[in-house]
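Undergrad: 3D, please:
(2 chains)
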Amino acid sequence: MNDQTPPSTSLTRQGMDYGETSDVQEVHAAIQREKREPRVGLEPLSIWLIAVYGIAIFTGGAYLGRYSGNFSGDGLDPLGGPPPAKKGGGPQGQQQQAELSPRDRGKKIFAANCQTCHQANGLGVPGQYPPLAGSEFTTGGSKRPAMIVLKGLQGPVTVKGQKFGSAVMQPWDKTLTDQKIADVLTYERSEWGNSASPVTAEQIAGLRKELANHPNSYTEPDVLAVPENDELPGGAPAGAPPPKPGEAAKPGGSPPPPPKS
Amino acid sequence: MTPAADIPLKEPTISAAAGDAEQLERARIDASTRVPVLMFYASAMVWLLIGTLLAGFVSFKLHSPDWFSDVSFLTWGRLRPVHMNVMVYGWASMVAMGTAIWLMARLCRTTLRHPLIIVTGIWFWNIGVVIGVIGILMGYSTGYDWLEFPPYAAVVLFVAYALIISWAVLMFRFRRGDQIYITQWYLLAAFLWFPWLYAAAQAMLFVVPVQGVMQAAVSWWYANNLLFLWFGAIALGTAYYMIPKVIGRPVYSYHLATIGFWTYALFSSWTGMQRLVDGPFPAWMITASIAATILTIIPVATVGLNHHMTMQGYFPVMRYSPTLRFTVFGAMSYTVFSVLGILISLRSTARYLHFTEASIAYSHMGLYAFFTMIMFGSMYYIVPRLVGREWRYATLIKLHFWASAYGVGLMSLMLLVGGLTQGADQNDTSMTFIESVASVLPYVRGRTVAALLLTVSHFIFAFHFGLMLFGLGRTSTVPTFLNPVEAEGSEEHL
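TA: Here you go, the predicted model:
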């Protein structure tokens, strides 16, 4: 900072620098002719302007209120919809699920409960966990898979010509609701190239009552005792399942049993 | 202290002697600001020309992308940030500081102390911009809008800013007269807002980076606030000075000015997130910004009305005075720019417009039609007082004005309409993305035409300014009018 001390030339010299002196008569013409420094008037506020303020504040406030998303830290929906469903789903989570199609809900339930053993690709683990993709149990009538999911399965079982049996499938009737079991079955039966009919919560509820007194996990012979094409009553090709929230959004309604695959 | 020091600023009539003393005082003040302000202007002009050429280049590449695409530092992804940052930090910030320092000295009625420290600061600032530009060209852009300079360039800019603005702020400490004029509010506030904005953005993005998507929020907060609280504030302050000064009439209302200033400060600082509509942010953040943007109609209506009522009956003066013509154009653009800003930030419209050329139109209306035009106006007023010459050619001023006005008008129109088609196409699921890009092509070509107009305008102005700088202006007691003056006494209006 060599310039802490400014050049000691007088202001007059600076002025002369560009052809002027500080003599009043020779102050540059622009400075001579210019108006005085601006002043401020004191006109009062117009009533119309105050009205504009009112409208603006009202509009801004209304907009903020309407799209605030309830001022929630994780609310991405400006209209105040619930935050993304937490695992396990509280009341909010169920509300959120209602907006998804049964198949999408089923996918989430599958990811949370079934994927560990049966894998995301539905192929299971050879020798340990049977596949769901293309499995005769999954893609046949809806009764067999519903029984297995509700009550579980143990002991040796043959799926797609391969033997399994080292692992035990736990019963899900205590853990998952009818709706969730229906959704996950719908998903499993329409994913990975499978194309079997969707399952409704009412069907599962019916089966749950029917099996209420069945205490133990099924074994393969128990399941095979049920005819392969046995459908749960109340759903299936002929009688379309009652419309559920969210499903109505799908174009073309839901009557044809095989959903998009 | 000379006797002149004690002449009160506000006085209904002044005696001839007092008037002389006032003129003498002004001459002394202008002499003290002469070197730094001219240096600001000269640097700003150089950056303006560089930025303009880059703008043409960038605009051209948008419809002819193969042009120089094999040279890494001439690719679109590097040239565009260079163009923006040269305009923001090279041109706009420097011309703003030049005008602000001159206005501050005039209004505080005090000479500028230590102009050489400011000159040092200007060198530092220029060096900082050069370092930043080289950094971007070498590929070290940070990727945040208006903050692309690598952080080490920001350090240089900070040092420069401290050297420059501390003396500008100190002038306020040494002010004389009992009145603080409206312009001083805006300038002083802007002097303090800029370092706050820049430091906060740098700290939250580079020093202690905030997490994930919040970086985008900080980045947009900064860009919008810089536009409003730094450039906008200085432009409004300048307009509050130039309009009443040129027509020689008091500003319409103090009350309007107060409301306009405080609501501007309050609401503008909340804007920015509206650019992130439907992004992964808590909805209230975005909505708060949109609501604040809606509320900016209050300062717009207030300031606009205040300027309009001040000008009432004096609009014909725009025929003669270059300063007034540019300044009023800019002040009117402030209204248009802000109203457009409200319209494109609502959720319903932003969905169509926020990833399109329309947001580019918005930036140009703010930084060019509003800010830059007012700065041109202030340069037409200030430069003759600093070099002691009058502008040489009225024709060049007229060409400059019309090329700039039509240029920025055409650019805004092209980008807005282009943005609408682009947004509609992007939201149309039956169209591929590349089709939505192709649909903007005619508008992008139109923008290149606008860029050419602006290039012509800037080169004309730079030439004219160069003549003034090298003492080749007219020596005359009569200012350069845009049109021959018929009315008696009009020559005062400049």
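
Undergrad: count of neighbours near the residue in chain B positioned nearest to chain A?
TA: Per C-beta to the nearest C-beta, B:Ala283 is where chain B lies closest to chain A, at 3.0 Å. Quick note: C-beta positions are derived from backbone N, CA and C, even for glycine. By other C-beta atoms under 10 Å in any protein chain shown, 24 other residues sit near B:Ala283.

Undergrad: same check, this time on A:Lys151
TA: Neighbour tally, A:Lys151, other C-beta under 10 Å: 22.

Undergrad: so B:Ile360, which state does it fall into?
TA: The local conformation at B:Ile360, judged by DSSP: H, G, I helix; E, B strand; the rest coil, is helix.

Undergrad: that one: neighbour count?
TA: When neighbours are counted by other C-beta under 10 Å, B:Ile360 comes out with 17.

Undergrad: quick one: the closest residue to it other than its chain neighbours from A:Ile50, how far?
TA: Among residues not flanking B:Ile360 along the chain, B:Leu415 sits closest, at 5.2 Å (C-beta to C-beta, 6 or more residues apart in numbering or on different chains). Counting by C-beta to C-beta, to the nearest Å, the gap from B:Leu415 to A:Ile50 is 36 Å.

Undergrad: now do B:Asn85
TA: Distance, B:Asn85 to A:Ile50, using C-beta to C-beta: 42 Å.

Undergrad: now do stretch B:176-191: distance to the chain's middle.
TA: Mean-position distance between stretch B:176-191 and its chain equals 18 Å (C-alpha atoms, centre = their mean, to the nearest Å).

Undergrad: hmm, I was thinking of stretch B:423-433
TA: Counting by C-alpha atoms, centre = their mean, stretch B:423-433 comes out at 35 Å from the chain centroid.

Undergrad: do it and chain A come into contact?
TA: No. Counting by C-beta under 8 Å from any C-beta of the partner chain, no contacts exist between stretch B:423-433 and chain A, the nearest distance being 13.8 Å.

Undergrad: straight-line length of that stretch, end to end?
TA: Using C-alpha to C-alpha, to the nearest Å, one end of stretch B:423-433 lies 11 Å from the other.

Undergrad: about what we covered before: who has more neighbours out of B:Leu415 and A:Ile50?
TA: Neighbours were counted for B:Leu415 and for A:Ile50 using other C-beta under 10 Å; B:Leu415 has more, 27 against 11.

Undergrad: doesn't B:Arg447 make contact with that one?
TA: Yes. Counting by C-beta atoms under 8 Å, B:Leu415 sits close enough to B:Arg447 to count as a contact (6.1 Å).

Undergrad: does the spatially closest residue to B:Tyr161 that is not a sequence neighbour sit in a helix or strand, and which one?
TA: Distances taken as C-beta to C-beta, 6+ apart place B:Pro195 nearest to B:Tyr161, at 6.2 Å, with adjacent residues excluded. For B:Pro195, the element it lies in under DSSP states H and E is helix B:182-202.

Undergrad: tell me the angle the next helix or strand after that helix makes with helix B:182-202.
TA: Downstream of helix B:182-202, the next assigned helix or strand under DSSP H and E is helix B:214-225. An angle of 160 degrees separates the directions of helix B:214-225 and helix B:182-202 when computed by axes from the mean of the first three to the mean of the last three C-alpha atoms, to 10 degrees.

Undergrad: how about helix B:214-225: buried residues?
TA: B:Gln215, B:Ala216, B:Ala217, B:Val218, B:Ser219, B:Trp220, B:Trp221, B:Tyr222, B:Ala223, B:Asn224, B:Asn225 (16 or more other C-beta atoms under 10 Å in any protein chain shown).

Undergrad: now that helix - C-alpha only, CSV.
TA: Output of helix B:214-225 as CSV, limited to C-alpha atoms (Å, rounded to 0.1, in the frame of the first residue of the first chain):
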residue,chain,number,x,y,z
MET,B,214,-29.4,-27.4,-0.7
GLN,B,215,-26.5,-26.2,-2.8
ALA,B,216,-28.8,-25.5,-5.6
ALA,B,217,-31.0,-23.5,-3.2
VAL,B,218,-28.0,-21.4,-2.1
SER,B,219,-26.9,-20.9,-5.7
TRP,B,220,-30.3,-19.6,-6.8
TRP,B,221,-30.7,-17.5,-3.7
TYR,B,222,-27.4,-15.9,-4.5
ALA,B,223,-28.1,-15.3,-8.2
ASN,B,224,-31.5,-13.7,-7.6
ASN,B,225,-30.4,-11.6,-4.7
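
Undergrad: so which elements touch that helix?
TA: Helices and strands touching helix B:214-225, by 3 or more C-beta pairs under 8 Å, 6 or more residues apart in numbering or on different chains; DSSP states H and E, are helix B:182-202.

Undergrad: buried ones in the helix it packs on?
TA: Buried residues in helix B:182-202 (16+ other C-beta under 10 Å): B:182-191, B:193-194, B:197-198, B:201-202.

Undergrad: which ones, among those, also lie beside chain A?
TA: Okay, of the buried residues of helix B:182-202 touching chain A (C-beta under 8 Å from any C-beta), that's B:Ile182, B:Thr183.

Undergrad: tell me the two of the buried residues of helix B:182-202 that are most distant?
TA: For the buried residues of helix B:182-202, the farthest-apart pair by C-beta to C-beta is B:Ile182 and B:Gln202; their separation is 30.8 Å.

Undergrad: how close does B:Trp364 sit to B:Gly330?
TA: Just so we're on the same page, residue B:364 is His rather than Trp. To B:Gly330, B:His364 is 13 Å away according to C-beta to C-beta.
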